[in-house]
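Novice: No sequence on hand, only this structure:
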């Protein structure tokens, strides 16, 4: 049995498929950087304060721009968290992973584009938060099925390298788009078209996401299903998915180490992602930081992270993945 040590040893066709998969990270990372981390929260807090002031009361609760932003993130990710296990189980029995990735991508990019029209509505902040919730469902949902392709791209021993390349592509792609947005916003700051440029920056994220994703959809094949089930309708597919989920949860007690790892990963990784998701709103609402300052800070982080993804891939090649993970956590 052949053992591979590098992606370079694979065939040209395999390398093209891996590159196409990595390009999806390049495509959608613009939403994570320019969108979630840099522009969306700052602009939303600005619109919220412009319409409602520092805070408003609803059902006895005192709401600020940052608290509403946080709730929108919870709502969108909760929708994905509740629906993904069922859809994922169905996708493991029916060859629809690529279709579901395409649906989430279309939804995410279209609703991001629609953020541009917030200024032409009666309540711009409500329009913006509404389009964000729907776009974020598309973003978070697409990641579920994007990651599901990883085990099918290359031999198992190359999974670390493929995954690291995907992260690097994402950090660089998101960083390039954010750099463009930063230059445009600095150039128009304080001018009469500042708001227009900010809204164009938001809508361009959707366009960037969709157009680069076409590379992925053109070359990335649908993964082979080992035990396919045919003739499913909406009801029978849902019934099958719930049955499979019940079976999976019943078997978790036999894999205590994996269960502990997944719980730790959830608390650690999703905790970091949650902080990143609300940091921009907190910066604008509480610290009063300007949009350009926030964008510049995220931009620096992006390119440092890209270098980190490449570096820790090299470390994992000369040591074990476990040791590489330990080094990264200590760092």
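Specialist: It's in. Remember, predicted model here, so these are calculated numbers, not experimental data.
Novice: all contacts plus neighbour counts: C-alpha atoms, from now on.
Specialist: Fine.
Novice: separation between the residue nearest to residue 123 when sequence neighbours are not counted and residue 124?
Specialist: Leaving aside its sequence neighbours, residue 123 sits nearest to residue 51 (Cα to Cα, 6 or more residues apart in numbering; 7.7 Å). Residue 51 sits 8 Å away from residue 124, going by Cα to Cα, to the nearest Å.
Novice: the more surrounded of those two?
Specialist: Between residue 51 and residue 124, counted using other Cα atoms under 10 Å, the more crowded position is residue 124 (20 against 15).
Novice: still on that earlier bit, in what helix or strand does the residue nearest to residue 123 lie?
Specialist: Residue 51 belongs to helix 40-52 when elements are defined using DSSP states H and E.
Novice: Check residue 83 too.
Specialist: Using DSSP H and E, residue 83 maps to helix 65-91.
Novice: and the angle from the helix or strand following that helix to helix 65-91?
Specialist: As assigned by DSSP H and E, the chain's next helix or strand after helix 65-91 is helix 97-113. Interaxial angle, helix 97-113 versus helix 65-91 (axes from the mean of the first three to the mean of the last three Cα atoms, to 10 degrees): 160 degrees.
Novice: Could you check helix 97-113 and say which residues are buried?
Specialist: For helix 97-113, a neighbour-count test (16 or more other Cα atoms under 10 Å) marks 97-98, 100-102, 104-113 as buried.
Novice: and that helix with helix 40-52, angle?
Specialist: Per the same axes, to 10 degrees, the angle that helix 97-113 makes with helix 40-52 is 40 degrees.
Novice: Rounded mean pLDDT for the next helix or strand after helix 97-113, please.
Specialist: Scanning forward in sequence from helix 97-113 by DSSP H and E, the next helix or strand is helix 124-148. The average of the pLDDT scores along helix 124-148 is 93.
Novice: Packing partners of helix 124-148?
Specialist: helix 12-30, helix 40-52, helix 65-91, helix 97-113 (3 or more Cα pairs under 8 Å, 6 or more residues apart in numbering; DSSP states H and E).
Novice: packing partners for the shortest one?
Specialist: Using 3+ Cα pairs under 8 Å, 6+ apart as the contact criterion, the elements in contact with helix 40-52 are helix 65-91, helix 124-148, helix 256-285.
Novice: Figure out which of the ones you listed is closest to residue 28.
Specialist: Proximity to residue 28 (Cα to Cα) singles out helix 124-148 among these, at 7.3 Å.
Novice: Not counting the closest one itself, show me its contacts.
Specialist: With Cα atoms under 8 Å, 6 or more residues apart in numbering as the test, helix 124-148 has contacts from 21, 24, 28, 31, 40, 44, 47-48, 51, 69, 72-73, 75-77, 79-80, 84, 88, 97-98, 100-112, 114-115, 118, 121.
Novice: Stretch 190-210: how far from the chain's middle?
Specialist: Centroid displacement of stretch 190-210 relative to its chain, using Cα atoms, centre = their mean, to the nearest Å, is 20 Å.
Novice: quick one: buried residues of it?
Specialist: 194-195, 197-210.
Novice: Next step: those restricted to helices.
Specialist: Using DSSP state H, the members of the buried residues of stretch 190-210 that fall in helices are 194-195, 197-210.
Novice: Could you name the helices and strands sitting against whichever helix or strand comes after the helix holding residue 51?
Specialist: Of the helices and strands lying after helix 40-52 in sequence (DSSP H and E), the nearest is strand 55-58. Counting contacts by 3+ Cα pairs under 8 Å, 6+ apart, strand 55-58 is packed against strand 61-64.
Novice: chain center to the strand it packs on: distance?
Specialist: 28 Å.
Novice: next one: stretch 157-173
Specialist: 14 Å.
Novice: now that stretch: mean pLDDT?
Specialist: Averaging pLDDT along stretch 157-173 gives 88.
Novice: Show me which residues of it are buried.
Specialist: Buried, per 16+ other Cα under 10 Å, within stretch 157-173: 158-173.
Novice: that older thread, turn the helices and strands packed on helix 124-148 into CSV, columns for mean pLDDT.
Specialist: Shown next, in CSV, are these (pLDDT from 0 to 100):
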stretch, mean pLDDT
helix 12-30, 95
helix 40-52, 88
helix 65-91, 84
helix 97-113, 95
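Novice: Of those helices, which is nearest residue 220?
Specialist: Residue 220 sits nearest to helix 12-30 of all the helices and strands packed on helix 124-148, at 5.5 Å, using Cα to Cα.
Novice: Now do the buried residues in the closest one.
Specialist: So helix 12-30, judged by 16+ other Cα under 10 Å, has buried residues 14-15, 17-30.
Novice: which helices and strands does it pack with?
Specialist: Applying 3+ Cα pairs under 8 Å, 6+ apart, one finds that helix 12-30 contacts helix 124-148, helix 159-188, helix 194-219.
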